[in-house]
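Student: Sequence and predicted structure are below.
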Amino acid sequence: MGKGDKKTKRGKIIMGTSGARRPKKKKKKPQPPKPKKATKKKK
């Protein structure tokens, strides 16, 4: 159980693969900017 073992996290890092032990990170979608609320000016 080391670098050559495909079923361990370390082995998956070395092999460059993903799976249950080393899931892929989900890409976050860029959120559109929120519209600014109109503010009332004081006199």
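Tutor: Everything's here; your move.
Student: is it true that residue 14 touches residue 8?
Tutor: No - here residue 14 does not reach residue 8: they are 9.4 Å apart, not a contact under CB atoms under 8 Å. For the C-beta atoms, the positions are set from N, CA and C on the backbone; glycine is no exception.
Student: count of residues packed around residue 19?
Tutor: Residues within reach of residue 19, counting by other CB atoms under 10 Å, total 13.
Student: List the contacts of it.
Tutor: Going by CB atoms under 8 Å, 6 or more residues apart in numbering, residue 19 touches residue 12.
Student: which SS state does it fall under?
Tutor: When classified by DSSP: H, G, I helix; E, B strand; the rest coil, residue 19 comes out as coil.
Student: Distance-wise, check it relative to residue 33.
Tutor: 37 Å (CB to CB, to the nearest Å).
Student: Over to residue 22?
Tutor: In this view, residue 22 and residue 33 are 34 Å apart by CB to CB.
Student: These two: who's more crowded?
Tutor: Using other CB under 10 Å, the more surrounded residue of residue 22 and residue 33 is residue 22, with 14 against 6.
Student: Could you verify my assumption that that one touches residue 11?
Tutor: No - counting by CB under 8 Å, residue 22 does not reach residue 11; the two are 9.0 Å apart.
Student: what's the helix or strand for residue 13?
Tutor: helix 9-15 (DSSP states H and E).
Student: And that helix, what's buried?
Tutor: Neighbour-count burial for helix 9-15 flags 11, 12 (criterion: 16 or more other CB atoms under 10 Å).
Student: and it, what's its mean pLDDT?
Tutor: What helix 9-15 shows for mean pLDDT is 89.
Student: Grab the CA positions of it and hand them over as CSV.
Tutor: Output of helix 9-15 as CSV, limited to C-alpha atoms (Å, rounded to 0.1, in the frame of the first residue of the first chain):
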residue,chain,number,x,y,z
LYS,A,9,-5.0,8.2,-2.2
ARG,A,10,-1.2,8.4,-2.5
GLY,A,11,-1.3,6.0,-5.4
LYS,A,12,-4.0,8.0,-7.2
ILE,A,13,-2.0,11.2,-6.7
ILE,A,14,1.1,9.5,-8.4
MET,A,15,-1.1,8.0,-11.2
